[in-house]
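> Using only what follows, build the 3D model:
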Amino acid sequence: MKRLLLLGVAISAFASNMAMANADLAKAKNCMACHAVANKVVGPSFKDVAGKYAGQKDAEDKLTQKVIKGGSGVWGAVPMPANPQVSEAEARTLVKWVLSQK
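From the prediction side, this is the model:
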């Protein structure tokens, strides 16, 4: 029982650190200049993005490319600029984190 409890605590801490690490990546890659987790800034909130793409099988691939290449028209007139400084692996990590927001 004690081992099970310790395992649960370890998993919880790891998951918490992963969520924080992805928020840190979003800050490091300047995502937070235009986005926030819960409210619209220049672009939509990450929670709104997660809601819009919930259940879409191709959302992760589509949004990974949008992070890198930019896009327009989905959330209004303000375009999302391209982010060539974000690698595909970083973009995928960010997108997975964004899509996990509830």
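> which of the residues in stretch 48-56 are buried?
The neighbour-count criterion (16 or more other C-beta atoms under 10 Å) identifies 48-50, 53 as the buried residues of stretch 48-56. In this view, the C-beta of every residue, glycine as well, is placed from N, C-alpha and C.
> what ranges of this structure fall below the confidence cut-off?
Confidence mapping of the chain against pLDDT under 70 gives the ranges 1-21.
> how about the helices in the protein?
Secondary structure of the chain (DSSP state H): helices located at 2-28, 46-53, 59-69, 88-99.
> in the last one, what's buried?
Pointing back at helix 88-99 there. So, applying 16+ other C-beta under 10 Å, buried residues of helix 88-99: 90-95, 97-99.
> Relative to residue 38, which of these is nearest.
Of all the buried residues of helix 88-99, residue 38 sits closest to residue 98, with 12.2 Å by C-beta to C-beta.
> need the contact list for that closest one.
46, 49-50, 63 (C-beta atoms under 8 Å, 6 or more residues apart in numbering).
> do that again at 6 Å, thanks
46, 49 (C-beta atoms under 6 Å, 6 or more residues apart in numbering).
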